[in-house]
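> Got a sequence here, can you model it:
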Amino acid sequence: MENRYSHDLELMPKELTLLYEILNTNEDSSQLNRNELLIGIHWDQFLQLAMHHRVYPLIYSKIKNIDNKGIPPYVIETLYKEYKKNTFEMLKLSGEMEQVSKLFSENNILLLFLKGPVIAEDIYGDISLRTSRDLDILIQSNKLEKAEEVLLGVGYERKEVPTPFWKLRFHHVTFFHPKKRICLELHWRLHPHSIYEPCFDELWERKRVSTLTSFPTYYLGKEDLFLYLVAHGGRHGWFRLRWLKDIDQILNKKMTSNGNILLKKKFYHLDGQRYYLGQALILVSELFHTPINKEMKKLTISNGSRKLAKRTILYINRRAHLNFSMSEDELNKNHNRYLFTIKSNLEKFIFIMKLFYPNPKDAEALTLPRSLRFLYIPFRPFLWAWRKTMKSKY
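Have a look, this model is predicted:
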């Protein structure tokens, strides 16, 4: 692939470059003994980037056996503590994943796990090498009320207060178990405002069963998972390297079909997302040197994919610099502006229209009984203005 991004890659801070170098190493990690990689590294900033990009388990697994005095002991110790903490968290999520599968099965609700320990095991072969904040499950839309009732019955609490049109505006709802300290996202669509995506029955036909649990736990088929992760990462601007590393891992292990088969699928080639696949292939090729076969390369030639890839590399570099100088609120505002710029015209239109719909923040500002929730619609501008005013005071 022609290198159109060498100048942009040279703009990376050294700490981010080292992060990539470590992620690109093979199992023996011998190339990390090159001292020039470690000269002038601000190790606190390196750790900050490893945490932000959620790749610290992989980083630790690659450098733990390195005999190099250039890496301060506290860096390895910090990574080890986070790695161990993540391992316990993934084990806890694995146990909950099995319990939820059994609970839903007993209540005749089909479910597919979208993320979490099940894909860590599938992609990396080890749940400790990938992080997961929560469990994401997909169910049939006509089972939503029943699923909510089941979750509430075992101690989960719904985080968002329902508002008018919430099923149309959102594609998932979040539940939290206060005793287990576990978040669960209940999806009835894969992505927000998707004009076309496979229906649940299609995905169920292509499902796989995980070997991670004794009770059957189902998750997406190979191509479905690959394209779901591509669309998810593209929609979020690939601002975490963990998502790109997933794609790199899938391609290296040849866990998906060639480009011709992917092109024949209608999956995400509408909705302004048709460039995300090419963008992802360009990014993993440039950043992780992932080999891309001839069929896959056909997906990288569009100007739309190239522009998105270039913009993403520039943003990743800029974000790395900003991480060292900006507050979290400022970083989030910066990221939201970036996400808006990469949307297609259709996606921008939908996003703007969505602003006129009530959301859970309106319900938090003004609690209304179910019979009066329609009032959130005319109250929306006033509630928005009131929240902005109150936020500016603090």
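> Look at residue 153 and say how many residues are nearby.
Residue 153: 10 surrounding residues under other CB atoms under 10 Å. Where C-beta positions appear, they are placed from N, C-alpha and C, glycine not excepted.
> Before we move on, what's the pLDDT of it?
Looking at residue 153, its pLDDT stands at 96.
> was I right about residue 245 contacting residue 57?
No. Between residue 245 and residue 57 there is no contact under CB atoms under 8 Å: 10.6 Å.
> Name the next helix or strand downstream of the least confident helix or strand in the chain by mean pLDDT, please.
Using mean pLDDT, DSSP states H and E, helix 259-264 stands out as the lowest-scoring helix or strand of the chain, at a mean of 54. The first helix or strand that comes after helix 259-264 along the chain, using DSSP states H and E, is helix 276-288.
> helices or strands next to that following helix in the packing?
The helices and strands touching helix 276-288, judged by 3 or more CB pairs under 8 Å, 6 or more residues apart in numbering; DSSP states H and E, are helix 14-23, helix 222-235, helix 241-252, helix 303-322.
> Kindly export that helix (C-alpha atoms) in PDB.
The C-alpha atoms that make up helix 276-288 are tabulated as PDB, following Å, rounded to 0.1, in the frame of the first residue of the first chain:
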ATOM      1  CA  TYR A 276     -15.300   2.700   7.500                       C
ATOM      2  CA  LEU A 277     -14.100  -0.600   6.400                       C
ATOM      3  CA  GLY A 278     -11.500   0.900   4.000                       C
ATOM      4  CA  GLN A 279     -10.500   3.400   6.700                       C
ATOM      5  CA  ALA A 280      -9.900   0.500   9.200                       C
ATOM      6  CA  LEU A 281      -7.800  -1.400   6.700                       C
ATOM      7  CA  ILE A 282      -5.700   1.600   6.000                       C
ATOM      8  CA  LEU A 283      -5.200   2.400   9.600                       C
ATOM      9  CA  VAL A 284      -4.100  -1.100  10.700                       C
ATOM     10  CA  SER A 285      -1.800  -1.400   7.700                       C
ATOM     11  CA  GLU A 286      -0.100   1.900   8.500                       C
ATOM     12  CA  LEU A 287       0.000   1.700  12.300                       C
ATOM     13  CA  PHE A 288       0.400  -2.000  12.900                       C
END
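> quick one, that helix and helix 222-235 angle?
Put simply, helix 276-288 runs at 80 degrees to helix 222-235, going by axes from the mean of the first three to the mean of the last three CA atoms, to 10 degrees.
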